[in-house]
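Q: Let's see this in three dimensions:
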Amino acid sequence: YLRWTGDSEGLVQMDDGRHVAKCLNDLFWLSPACRANASSCIPVLTAGSGWAMQDIMQWATAYAMPLSLGVTKTFSDEVSMVKDGRL
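A: Next up is the predicted model:
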């Protein structure tokens, strides 16, 4: 992600040199298009190990999409969060 987008503000470098997504309140990664105003972000969820997370991060950055990206433990959790209005 960093190599192709240059978006170092969206990442945190770990002690071992790896980069991981920098998440607001440890919950959602905010794309550059809505980082200045989190309430303008469109929530997007993925599940498990973060299915397609890196792809979505790159798309959101390349196309200036105002997305906040979160990961749930399971697909069932993802469905219930949306269904119950917890998103």
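
Q: hey, where'd the helices end up in this protein?
A: 2-5, 53-62, 75-83 (DSSP state H).

Q: Tell me which of these sits nearest to Asp15.
A: helix 2-5 (16.7 Å; Cβ to Cβ). Placement of C-beta: from N, CA and C, glycine included.

Q: Packing partners of the closest one?
A: helix 53-62 (3 or more Cβ pairs under 8 Å, 6 or more residues apart in numbering; DSSP states H and E).

Q: Can you tell me which of the helices of the chain is packed in deepest?
A: helix 53-62 (a mean of 16; mean count of other Cβ atoms under 10 Å).

Q: Centre of the chain to it, how far?
A: 8 Å (Cα atoms, centre = their mean, to the nearest Å).

Q: For that helix, what does the pLDDT average out to?
A: Averaged across helix 53-62, the pLDDT comes to 94.

Q: what does stretch 19-37 give?
A: 93.

Q: What lies in contact with that stretch?
A: 1-2, 7, 9-14, 38, 40-43, 53, 57, 60-61, 64-70 (Cβ atoms under 8 Å, 6 or more residues apart in numbering).

Q: hang on, the earlier thing: please tabulate the helices of the chain in JSON lines, including the columns distance to Cys23.
A: Converted to JSON lines, the helices of the chain look like this (distance: least, Cβ to Cβ, whole Å):
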{"stretch": "helix 2-5", "distance to Cys23": "16"}
{"stretch": "helix 53-62", "distance to Cys23": "11"}
{"stretch": "helix 75-83", "distance to Cys23": "16"}
